[in-house]
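Novice: Following is a predicted model, sequence given first.
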Amino acid sequence: MSSASLLLRRSKPATNIISFIRIFSRQMGGGPRTFPGGLNKWQWKRMHEKKAKEKEKRLLDQEKQLYEARIRSQIRAKLYPKPDPAPVTTTSHHNPMSPQEHIKALADRFMKEGAEDLWNEDDGPLESEQRPRSSGATNERQRSVGSPPVDLRSLISDKGNRGNVSSNNVNSSNFMKTRNYSVHSGEKFCRNESSGFSRNLAGKGVKNVNNSRNVNDYMNKKRNINRNESCSSEGAKHSRPAAQNLGNNGKIYNSRNVSDFIKNKVVGGGRRRFNRNESSSSDDDDLEFELENVGDKVEGWTDVKKLGSSASLGKYDMKTTKRVPLNRLEEENDFSEQVELIRKEISRNKLVENAGEKNDVKESILSQNRFDECGISPLTIKALTAAGYIQMTRVQEATLSVCLEGKDALVKAKTGTGKSAAFLLPAIEAVLKTISSGTNQRVPPIFVLILCPTRELASQLTAEAIALLKYHDGIGVQTLVGGTRFKVDQKRLESDPCQIIIATPGRLLDHIENKSGLTVRLMGLKMLILDEADHLLDLGFRKDVEKIVDCLPRQRQSLLFSATVPKEVRRISQLVLKREHAYIDTVGLGCVETPDKIKQSCLVAPHEKHFQIVHHLLQEHISNVPDYKVVVFCSTGMVTSLLYLLLREMNMNVREIHSRKPQLYRTHVSDEFRESKRLILITSDVSARGMNYPDVTLVVQVGIPFDREQYIHRLGRTGREGKEGEGILLLAPWEEYFLGDLKDLPLDRFPSPLLDPNIKLQMDDAMEKIDGSVKEAAYHAWLGYYNSIREIGRDKTTLVELAHKFCQSIGLQKPPSLFRKTALKMGLRDIPGIRIRK
Ligand SMILES: Nc1ncnc2c1ncn2[C@@H]1O[C@H](COP(=O)(O)OP(=O)(O)OP(=O)(O)O)[C@@H](O)[C@H]1O
C-alpha cells in the first residue's frame, strides 16, 4: 500500500484531502518550480545552503575574535589583578569564563560532527600534515583574523612594568586563585585526560593561553584524532602521532568530556557574567568598546545551547542571540599596541584608586552589612553602637552567620580586621542561648572558653568582651593568665561567677591540674575559641592545648581564628575542630596576606650596626611623623631590654615589654602605650600577635623573625582597620635568605643608611653605661635564639663567630661563658670561641 493511501486512512476526514494533495505533490516533485530570480528549486536550495555555511563561517570567525579579546582581558587582569572584594571560599562567584573554558567550549563547537566543512584555509587545513604550505599562504594566514601568531607574554615582558607578568608562578597562581571555579570544574570536566590540559594552561601561564594559534593547532589535531578514533584500527595508528603532537598543549580530551563540561557550566553552573570592572577601562573608549562587546559575547557565549554550532545541527536559524560583528578586531594584527594601551590604562586606574583610598581609610575593611541586620541580641547591638561599631567588617560579615548556626569554623583574616568581635559576638550569643534554655545547675558552668597565647592579649580580649556585654546583666567574663597569684584566681572564680573565661593555656592548665573546681564547671562548655589558633597549635603550646581539649566536652562548637593559617595547622586543627567544619578565608588563596596599606621595606646590614641603624630610623621617623607611635621588635627578651636601655640612654621616649618583666609592669606599659602618642615600644614577641595598639605609625623588626607568620603578625601592629602604616625589616647579610619566605609580599629593599660617626660615639658611650649583666644576658639570649634558627643553628662555628661580633658590638671584651649543660644542650661545647663556666 502506498504511503499516500496509508495516510489517507489514518487521517481525519476533514484534513484528508489537503494532506493527500500536499504529500502527493511532494512525492511527485510538486511545489513551485521557479523561485525569485528565476532559480529552480535545487539552485534555490543550494543558494541557501551556501548562505548558511557563510553565516556559520562568520560565527566561527567571531568566536576566534572573541577568544582573542578574552585573552586581552586576561592580560589586563594579569597585569593588574583586581582584588576580590570578599574572597570568601565558602561563597560562589560569578566570574567571566576563563580562557581554558573558552578554548574548550570553542574546541567543542569546532569539533562537532559536520563542522569539518566549516574549516577553511584560515583555520588550518584538514590535511595540514600532508600538504606543505607556501610561505605566502602562511603569511596570509598570519594576517587572518583568526590566528595572529603573537606571543603576548614576550611582548609584555619585553617592556617595563613586568612585575606580575614576568613571574609565571605568580601569574598562574593568581590566575587560578581568582578563578577557583575553573580549577574545580576543570577537574570535573577533565577527569584523567584533560586535567593535564588545564593544568598545562595554568601552569605554563600566558604563553599557551595567549597564542590563539595554539588553539587552532590544538583543534586541528584534536579533530584529526577524533576522526581517527571514529575510524578503524588504521585510524588508531594515526591518532598516536597526533596525540604526541598535542603534548605541547597537554593531553587529549574527548568530546564527551567537552559536553560534560558544557553541561557543568551551562546547566549546573548557570550563567556566568563577564565582570566588566575586572578589566575595563574608564577612559579609554576604544578598549572599553572592545571589552563591552566581549562582555556581551562571553555572556551570550555561555548560553552554549542556544548558540551551539548550528552547522552540526543544521539549524542555523535557531540562533536567537544576535552577535555584533567585531569589525575593529578584524583590523588588528598586532597585540603590542593593545598591551601598551592596557598598561597606560592600568597606571591611570592605579592613580585614581590611590586617590580614592586616601579619601576613605576605613572603607576597605568594612562590609555593607550592619550588625542590626544579622540577628544578634538587641542589647549587644546597643553595646556595639556605643562602641562605634555599626557596620560589620568583612571578616565579621563572612563568619557571623556560620558561627551563629553553631558550626565549627577555621577563620583566616588579615591583621587588624576585627576578628576579635567576630568570635566574641557568637560567644555572647551562645551564652544567651544556653541561659535562656534554663539549665539550672548547682555549680555555674563555663559556657565559653577563649584561649590566646599572651597575657596582654587575654586582658585586651576581656576588655572588649566587657564592652560588648555592657547591657547584659548577669553575664560575666574573667581572665586567667600567668604572672598573677593562683590563689587570687581561685577566690575570684568563686566570688564572681562567670560564663566566659579568657585564658592563656599555661594558667588554665594549672587550674585544671589542680582540680580547682574549674574542671567541673568546664563540663558545661558550649563553645571553645582559639585566638591566634596557628600559634596555639604550634609546638610551643600544642601539648597544653591538647590537654585542655581533652578535659572539655566533645559536644561543643569550636572556632579557630588567625591572620595566618599554614598548611600544617589546617591539618592539626582537626585536633579541635569537627570534621565537617567551615574554612573561611577572607584573605583569598594566594593573595597578599598583609594589609594593603602598609609600606613594607627591608634593610640589610651587619648585626653590629643594627642598634645604630634602629636609632637612625627612629630619629628619621620622629622628624617626619609628628604623632609617631612605633613598635620595635627584638628577637629575645634580653636583647629587648638591652636595646631599651641603650635608647633610653640616648634620650629617646621608649618603653619596654617582654617576658622578663613583672606582669604588673607589662600591663601598665601596655595600657600606657595603647593610650599614647609619640612613644616607642621596644618589645619581644609577646606583643607580636593580637595586640591592638591604635594608630601605630611604624613597626621595626630587628633581626630575622622566627618564621614568616611571625613577620606578618608583628607587621600587623601597624596599618590596622585599613589605615596606613609602615614596616621595616632589618636583617644581617646572612639572614637575607629569609626574604625568600616573603617573596610574595610587597617588600622594597633599601640600602643601609649612611650613619653619623658622632652618633656612633654617643651610642658607644651609652652602651658603656649599661650594666654588664644585661649585656651578658643579651649575649646568651642572642646565641640561644640564633642557635634555634635552623639555617644558622646548623653551622655552629659560624654562629659562634657571629655571636662574637655581636658581643664586641655591645661592648663586651670577651664572650661570657656558658654553663656546661647549656653548651651541651646547644651543641656548642667543643666549638672554638665558646667558653665554658668552671
Ligand atoms: N565592626 C567594626 N567597626 C569598626 N571598627 C571595628 C569593627 N570591628 C572591629 N573594629 C576595630 O578594628 C580594630 C582591629 O580589631 P581586632 O583587634 O579585632 O583585629 P584582629 O583582626 O583580631 O587583629 P589581629 O590579627 O592583629 O589579632 C579594633 O580597633 C576594633 O575596635
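Specialist: Right, received. Where do you want to start? Only a predicted model underlies this, so the values are computations on that prediction, with no experimental measurement involved.
Novice: Going by C-alpha atoms from here, please, whenever you check contacts or count neighbours.
Specialist: Will do.
Novice: Which residues of the stretch 501-650 of the chain lie near the ligand?
Specialist: Applying CA under 6 Å from any ligand atom, one finds that the stretch 501-650 of the chain approaches the ligand through residue 563.
Novice: closest point of the stretch 501-650 of the chain to the ligand, which residue?
Specialist: Ranked by CA to the nearest ligand atom, the top residue of the stretch 501-650 of the chain for proximity to the ligand is residue 563, at 5.0 Å.
Novice: OK, contacts around that residue?
Specialist: With contacts defined as CA atoms under 8 Å, 6 or more residues apart in numbering, the neighbours of residue 563 are 412, 413, 414, 415, 532, 593, 713.
Novice: would the fourth one count as being in a helix?
Specialist: No - secondary structure assignment places residue 415 outside any helix; it is coil (DSSP: H, G, I helix; E, B strand; the rest coil).
Novice: before we move on, back to that, and the two most separated of the contacts of residue 563?
Specialist: Within the contacts of residue 563, two members stand farthest from each other by CA to CA: 532 and 593, at 14.9 Å.
Novice: ok so, going back, out of the contacts of residue 563, grab the one that's most surrounded.
Specialist: Among the contacts of residue 563, residue 415 has the most neighbours (other CA atoms under 10 Å), with 28 neighbours.
Novice: Can you give me the first-to-last residue distance of stretch 526-540?
Specialist: 26 Å (CA to CA, to the nearest Å).
Novice: Quick one: mean pLDDT for stretch 680-690?
Specialist: Mean pLDDT, stretch 680-690: 97.
Novice: Would that stretch count as contacting the ligand?
Specialist: Yes - using CA under 6 Å from any ligand atom, stretch 680-690 reaches the ligand at 689, 690.
Novice: What of stretch 401-410?
Specialist: No - legend: contact between stretch 401-410 and the ligand by CA under 6 Å from any ligand atom is lacking; minimum distance shown is 13.7 Å.
Novice: and the protein, which residues reach the ligand?
Specialist: So the chain meets the ligand at 389-393, 414-421, 563, 689-692, 716, 721 (CA under 6 Å from any ligand atom).
Novice: mind listing which of these are in helices?
Specialist: Of the residues of the chain next to the ligand, the ones assigned to helices by DSSP state H are 419, 420, 421.
Novice: any chance of the residues you listed in JSON lines, plus neighbour count, distance to residue 520 and pLDDT?
Specialist: Shown next, in JSON lines, are those (neighbours: other CA atoms under 10 Å; distance: CA to CA, whole Å; pLDDT from 0 to 100):
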{"residue": "419", "neighbour count": "24", "distance to residue 520": "30", "pLDDT": "97"}
{"residue": "420", "neighbour count": "19", "distance to residue 520": "27", "pLDDT": "98"}
{"residue": "421", "neighbour count": "21", "distance to residue 520": "28", "pLDDT": "98"}
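Novice: Which single residue of the stretch 701-838 of the chain ends up nearest the ligand?
Specialist: For the stretch 701-838 of the chain, CA to the nearest ligand atom, closest residue to the ligand: residue 721, 4.9 Å.
Novice: isn't that residue right next to residue 416, touching?
Specialist: Yes - contact criterion CA atoms under 8 Å: residue 721 and residue 416 qualify, at 5.3 Å.
Novice: one step back: narrow the residues of the chain next to the ligand to those that are buried.
Specialist: Neighbour counting by 16 or more other CA atoms under 10 Å classes 390-393, 414-421, 563, 689-692, 716, 721 among the residues of the chain next to the ligand as buried.
Novice: So, low pLDDT: which residues of the protein?
Specialist: 1-34, 71-363, 439-441 (pLDDT under 70).
Novice: Could I get the full set of strands for the stretch 551-700 of the chain?
Specialist: 557-562, 582-585, 598-604, 629-633, 654-657, 679-683, 698-702 (DSSP state E, counting those that start in this stretch).
Novice: Would you reformat those strands as JSON lines and include mean neighbour count and distance to residue 489?
Specialist: Below are those laid out as JSON lines (neighbours: other CA atoms under 10 Å; distance: least, CA to CA, whole Å):
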{"stretch": "strand 557-562", "mean neighbour count": "24", "distance to residue 489": "25"}
{"stretch": "strand 582-585", "mean neighbour count": "20", "distance to residue 489": "35"}
{"stretch": "strand 598-604", "mean neighbour count": "20", "distance to residue 489": "40"}
{"stretch": "strand 629-633", "mean neighbour count": "27", "distance to residue 489": "31"}
{"stretch": "strand 654-657", "mean neighbour count": "23", "distance to residue 489": "23"}
{"stretch": "strand 679-683", "mean neighbour count": "24", "distance to residue 489": "27"}
{"stretch": "strand 698-702", "mean neighbour count": "25", "distance to residue 489": "35"}
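Novice: Adding distance to residue 368, write those strands out as a markdown table.
Specialist: Putting these into a markdown table (distance: least, CA to CA, whole Å) gives the following:
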| stretch | distance to residue 368 |
| --- | --- |
| strand 557-562 | 22 |
| strand 582-585 | 18 |
| strand 598-604 | 24 |
| strand 629-633 | 31 |
| strand 654-657 | 38 |
| strand 679-683 | 35 |
| strand 698-702 | 30 |
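Novice: Settle this for me: residue 796 is touching residue 828, isn't it.
Specialist: Yes - using CA under 8 Å, residue 796 is in contact with residue 828, at 6.8 Å.
Novice: Those two: who's more crowded?
Specialist: Of the pair residue 796 and residue 828, residue 828 is the one with more neighbours under other CA under 10 Å, namely 22 against 18.
Novice: Go through the chain and flag its longest helix.
Specialist: helix 41-79.
Novice: And the residue in the stretch 601-750 of the chain that the ligand sits nearest to, how far from residue 563?
Specialist: Proximity of the stretch 601-750 of the chain to the ligand (CA to the nearest ligand atom) peaks at residue 690, 3.2 Å away. Distance, residue 690 to residue 563, by CA to CA: 9 Å.
Novice: Which neighbours do those two have in common?
Specialist: The contact sets of residue 690 and residue 563 overlap at 415, 532, 713 (CA under 8 Å, 6+ apart).
Novice: Switch the residues you listed over to a markdown table; also include distance to residue 599.
Specialist: Shown next, in a markdown table, are the shared contacts of residue 690 and residue 563 (distance: CA to CA, whole Å):
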| residue | distance to residue 599 |
| --- | --- |
| 415 | 15 |
| 532 | 24 |
| 713 | 15 |
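Novice: which residue packs closest to residue 801, ignoring adjacent ones?
Specialist: Spatial nearest neighbour of residue 801, chain neighbours left out: residue 833 (7.4 Å); criterion: CA to CA, 6 or more residues apart in numbering.
Novice: my guess is that neighbour meets residue 799, correct?
Specialist: No - using CA under 8 Å as the test, residue 833 is too far from residue 799 to be in contact (10.2 Å).
Novice: how near is residue 621 to residue 678?
Specialist: 11 Å.
Novice: and what of residue 417?
Specialist: 24 Å.
Novice: Repeat that for residue 657.
Specialist: Residue 657 is 17 Å from residue 678, by CA to CA.
Novice: One more: residue 697?
Specialist: For residue 697, the distance to residue 678 - CA to CA - is 10 Å.
Novice: okay, these two: which has more neighbours?
Specialist: residue 697 (24 against 16).
Novice: The more buried one: what's it in contact with?
Specialist: Residue 697 touches 628, 629, 630, 718, 719, 724, 725, 726, counting by CA under 8 Å, 6+ apart.
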